[in-house]
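Engineer: Can you look at this prediction? I've put the sequence above it.
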Amino acid sequence: MSFFKSLFCHKDSTPPAPIPSLSDEIIPLSTPWKGNLPCVHGPNDGCKNHNPSHSEIHFDSSLFLDNETLKPVQPKPVAHHHHSTSSDSSSPQKIEILSNLPRDLPASGVLSCLPKIHKSLPYTLSFYHLSSFSSIGSCQSKTGSNPLINWTATPLVKSDSLYIRFTLSFTLQTDLGGWTPSTPHARSIVKNGLIGSGYRDFKPCLHTHIKFTSHKGEGKDHVRYAGVNYTIRDSEGQGRSVEWRSEVDGNEGGEKGGCGKCETDFKVICRFEDEESGRVGVEVKVWKGLGEGSHPGEGEWLGLTRREPGEEMGKRKGEVGGVERIFEEK
């Protein structure tokens with residue numbers, strides 16, 4: 001049987017990288033090397049906080065693993081004017097990411113990174129960033145096209161532990177044709193719309209999944225209503241369907257969740273932003289506890305970057321919702 005299996009093995013397949021262990025000593029390099037900002041995936045990339053004019057910026061493509069997409073969807077450069085001064089906010093912030101960690105040792109996990117919450121999100125947080133976590137600051141920009149997604153990544157250092165919050169928001173809108181609030185009572189118009197197939201899926205972590213399936217606009221009894229349908233799959237593989245309807249749930253409604261295998265909490269918020277046009281704002285918030293950032297073999301980091309638990313991981317340490325509370329408490 002093993003002979004036949006060998007016939008179908010892919011010649012280019014490579015075994016997964018070994019799981020870093022806290023017992024593995026990582027010897028710092030004598031000379032530090034320069035890394036990329038998390039929002040930089042090319043020589044002219046960067047979010048609007050770090051490189052709004054898309055000027056040339058430090059970029060080292062060798063810091064990405066082979067399965068990483070190097071070039072995300074990039075917004076158009078912002079035009080800058082000749083009368084700008086040296087204090088103009090369009091100039092890149094001078095933030096250097098320096099590390100003494102051994103970058104050329106894959107088994108060390110130095111280049112391991114958080115998986116993307118959405119496939120178009122141009123943000124790659126690697127383990128080597130954690131030593132510069134407090135100096136990176138927030139990243140924010142826009143990405144995608146169907147729909148356009150506004151995103152923000154906000155780091156937090158609290159009691160020697162590291163946390164990050166991602167906020168992704170987009171707008172849904174349905175066309176009710178010629179319907180207006182003055183349409184007679186007996187007439188109602190309902191239309192269903194699908195979100196672009198490439199943009200429906202959000203993955204708060206490796207173990208959970210949010211999938212937006214459809215949105216609805218309705219006009220009846222002189223009032224306009226809206227609805228959004230989505231599903232949430234938890235870390236045990238159990239799925240549940242959620243329907244937000246402005247007619248029943250009011251102009252804003254949300255659904256919370258969290259992972260049982262890693263330090264991730266999330267929330268979906270649907271908000272009726274404009275009843276006249278039927279515009280609905282959808283927001284996906286994700287909070288992650290990254291550990292202390294002292295070693296890539298820490299359970300919190302491994303739980304976020306490895307699909308199956310290893311010896312150092314096991315189940316989530318804190319309760320579901322705990323990371324959100326730590327991040328949001330004043």
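Structural biologist: Received the coordinates, thanks. Just so it is clear, the structure is predicted and the values come from calculations on it, not from any experiment.
Engineer: partners of the helix or strand encompassing residue 282 in the sheet?
Structural biologist: Assigned by DSSP states H and E, residue 282 belongs to strand 279-291. With DSSP bridges as the test, strand 279-291 is paired with strand 161-172 (antiparallel), strand 264-274 (antiparallel).
Engineer: could those go into JSON lines alongside mean pLDDT?
Structural biologist: Output for the strands paired with strand 279-291, formatted as JSON lines (pLDDT from 0 to 100):
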{"stretch": "strand 161-172", "mean pLDDT": "96"}
{"stretch": "strand 264-274", "mean pLDDT": "95"}
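Engineer: and those strands, which is most packed in?
Structural biologist: When the strands paired with strand 279-291 are scored by mean count of other CB atoms under 10 Å, the highest mean neighbour count falls to strand 264-274 (a mean of 21). Bear in mind the C-beta positions are built from the backbone N, C-alpha and C, glycine included.
Engineer: how about the strands of the stretch 1-150 of the chain, start to end?
Structural biologist: 33-35, 97-99, 139-143, 149-158 (DSSP state E, counting those that start in this stretch).
Engineer: With distance to residue 226, mean pLDDT and mean neighbour count added, can I get those in JSON lines?
Structural biologist: Formatted as JSON lines, the strands of the stretch 1-150 of the chain follow (distance: least, CB to CB, whole Å; pLDDT from 0 to 100; neighbours: other CB atoms under 10 Å):
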{"stretch": "strand 33-35", "distance to residue 226": "44", "mean pLDDT": "95", "mean neighbour count": "17"}
{"stretch": "strand 97-99", "distance to residue 226": "43", "mean pLDDT": "93", "mean neighbour count": "18"}
{"stretch": "strand 139-143", "distance to residue 226": "23", "mean pLDDT": "94", "mean neighbour count": "20"}
{"stretch": "strand 149-158", "distance to residue 226": "19", "mean pLDDT": "96", "mean neighbour count": "18"}
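Engineer: Out of those strands, the one nearest residue 295 is which?
Structural biologist: Nearest of the strands of the stretch 1-150 of the chain to residue 295, taken as CB to CB: strand 97-99 at 13.7 Å.
Engineer: and the strands paired with strand 279-291 as CSV, adding distance to residue 282?
Structural biologist: Putting those into CSV (distance: least, CB to CB, whole Å) gives the following:
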stretch, distance to residue 282
strand 161-172, 6
strand 264-274, 6
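Engineer: Which of those strands sits closest to residue 316?
Structural biologist: Short answer: strand 264-274, nearest of those by CB to CB, at 8.4 Å.
Engineer: Centre of the chain to that closest one, how far?
Structural biologist: Put simply, strand 264-274 sits 14 Å off its chain's centre (CA atoms, centre = their mean, to the nearest Å).
Engineer: same check, this time on stretch 116-129
Structural biologist: Chain-centre distance of stretch 116-129: 7 Å, with CA atoms, centre = their mean.
Engineer: Now residue 153: closest residue in space that isn't a chain neighbour?
Structural biologist: Nearest residue to residue 153, sequence neighbours excluded (CB to CB, 6 or more residues apart in numbering): residue 139, at 4.6 Å.
Engineer: can you pull the contacts of the one you found?
Structural biologist: Contacts here follow CB atoms under 8 Å, 6 or more residues apart in numbering; on that basis residue 139 touches 37-39, 47, 49-50, 123, 152-153.
Engineer: Relative to residue 302, which of those residues is nearest.
Structural biologist: Ranking these by separation from residue 302, with CB to CB as the measure, puts residue 38 on top at 19.4 Å.
Engineer: Which pLDDT value does the model give the closest one?
Structural biologist: You'll see residue 38 listed with a pLDDT of 96.
Engineer: Next, count neighbours for it.
Structural biologist: 24 (other CB atoms under 10 Å).
Engineer: Does it touch residue 127 like I think?
Structural biologist: No - between residue 38 and residue 127 no contact is recorded; they are 11.6 Å apart, counting by CB atoms under 8 Å.
Engineer: who wins for proximity to residue 296 among the strands paired with strand 279-291?
Structural biologist: Nearest to residue 296, of all the strands paired with strand 279-291, is strand 161-172, at 12.9 Å by CB to CB.
Engineer: what's the burial count for the closest residue in space to residue 161 that isn't next to it in sequence?
Structural biologist: Closest residue in space to residue 161, ignoring its immediate chain neighbours: residue 292 at 5.9 Å, by CB to CB, 6+ apart. Around residue 292 there are 14 other residues, counting by other CB under 10 Å.
Engineer: if I look at residue 292, how far off is residue 133?
Structural biologist: Distance from residue 292 to residue 133, counting by CB to CB, to the nearest Å: 10 Å.
Engineer: same thing with residue 24?
Structural biologist: Taking CB to CB, one finds residue 24 at 22 Å from residue 133.
Engineer: And residue 30, its phi and psi?
Structural biologist: Main-chain dihedrals, residue 30, degrees, to the nearest 10: phi -70, psi -30.
Engineer: Report pLDDT for it.
Structural biologist: At residue 30, the model reports a pLDDT of 93.
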